[in-house]
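Undergrad: Could you work out the structure for the sequence below:
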Amino acid sequence: MFASNPFADLATTIPLNVIQGYVILMAILVVGGTVVDMIHKKSAKYFFAKAKSAEAARTRVLGAGDKIGIAVSTVVVDVATSGEFCNPKRRISHLFTMYGFILFILTTVALVFAYPTHEAPGIVSQLWHLGAAMVMFGGYWFWFFIRVDVAAEGVPCYRIVKADMFILSLLGTTTFGLVWAILQAKGVAVWTTLFLALFIISATVLFAGVLWSKFAHMFFKPAAAFNKRVIKADGSRENLPEPVDLTDPALQKRFPDIPEYMGTNPSYMGLGIKREQPKHY
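TA: A predicted model of the protein is given here:
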């Protein structure tokens, strides 16, 4: 079952060129949404302006070798292993979700364009199912147990805000897609149609909603991480105020609200500072 290409069976009811056209359209919407997001929020303009201002404050000029080394460190630490997450549970959850999503996307493209028939290599179909399962594992773990408002503030896991659009549509796409593929392999016609429709709706929301979700952030984060390492290496960071150590007892005595802030801020989760959980009636 997991070794069969689910899109090959789908092509018997929906023309293959329509399926391929849908995938291409989603890719165009992601690119277009990201560009519009950059223009609307002026993200690129702000990023380059900050990088330019940092150049004037640098104490040393980085050579090509230095920048290549920084780029490699950024890819290995910040991108490939998500080193920005201090909480190990959050880091593992993110890695499962990230690599599962990448696997899911790449194998979808392979099954729709390169191997659109039942003769598709079994390993490709198995990796498609595995990618969906990895996203579900990491995503549901994050949603029910790791989210700051759930873990630290006791907010119900069913509370939904606009910022949750990306993770929910991602979970919907992989969950409905996996269930659809299993039902289709078992020949359950009615339920197969229902979950196919849910799969298409959630995928459309995921890829067409880039402008309103956090989808575009995955393209900005590597650039921001690279720039952060550059300004630290060239000394321009030294001209900025040093970060305040919120664990300093003297500072906490002067500002009694700091421990509570640290209990709600994800950057300080796991430091052993406890606060009374809110009561729900």
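Undergrad: List the contacts of Thr81.
TA: Counting by C-beta atoms under 8 Å, 6 or more residues apart in numbering, Thr81 makes contact with Arg91, Leu95. No exception for glycine: its C-beta is placed from N, CA and C like everyone else's.
Undergrad: now the helices: where do they sit in the stretch 151-281 of the chain?
TA: 165-186, 189-208, 217-233, 249-254, 258-264 (DSSP state H, counting those that start in this stretch).
Undergrad: Which one of these lies nearest to Phe2?
TA: The closest of these to Phe2 is helix 165-186. By C-beta to C-beta, the value is 8.3 Å.
Undergrad: counting contacts, what elements does that closest one pack onto?
TA: helix 6-10, helix 88-109, helix 122-141, helix 189-208 (3 or more C-beta pairs under 8 Å, 6 or more residues apart in numbering; DSSP states H and E).
Undergrad: out of those helices, which comes closest to Pro116?
TA: Comparing those by C-beta to C-beta, helix 6-10 comes nearest, at 6.4 Å.
Undergrad: Extract the C-alpha set from that closest one and format it as CSV.
TA: The C-alpha trace of helix 6-10 is given here as CSV (Å, rounded to 0.1, in the frame of the first residue of the first chain):
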residue,chain,number,x,y,z
PRO,A,6,-1.4,7.6,-4.9
PHE,A,7,-1.4,10.2,-7.8
ALA,A,8,-1.4,7.4,-10.4
ASP,A,9,-4.8,6.2,-9.2
LEU,A,10,-6.0,9.8,-9.0
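Undergrad: what's the neighbour count on Gly138?
TA: The number of residues packed near Gly138 is 25, by other C-beta atoms under 10 Å.
Undergrad: if you compare the helices of the stretch 151-281 of the chain, which one is most tucked away?
TA: Among these, the stretch with the highest mean neighbour count (mean count of other C-beta atoms under 10 Å) is helix 165-186, at a mean of 20.
Undergrad: quick revisit: just put the helices of the stretch 151-281 of the chain in TSV and tack on distance to Val35.
TA: Below are the helices of the stretch 151-281 of the chain laid out as TSV (distance: least, C-beta to C-beta, whole Å):
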stretch	distance to Val35
helix 165-186	18
helix 189-208	14
helix 217-233	10
helix 249-254	43
helix 258-264	34
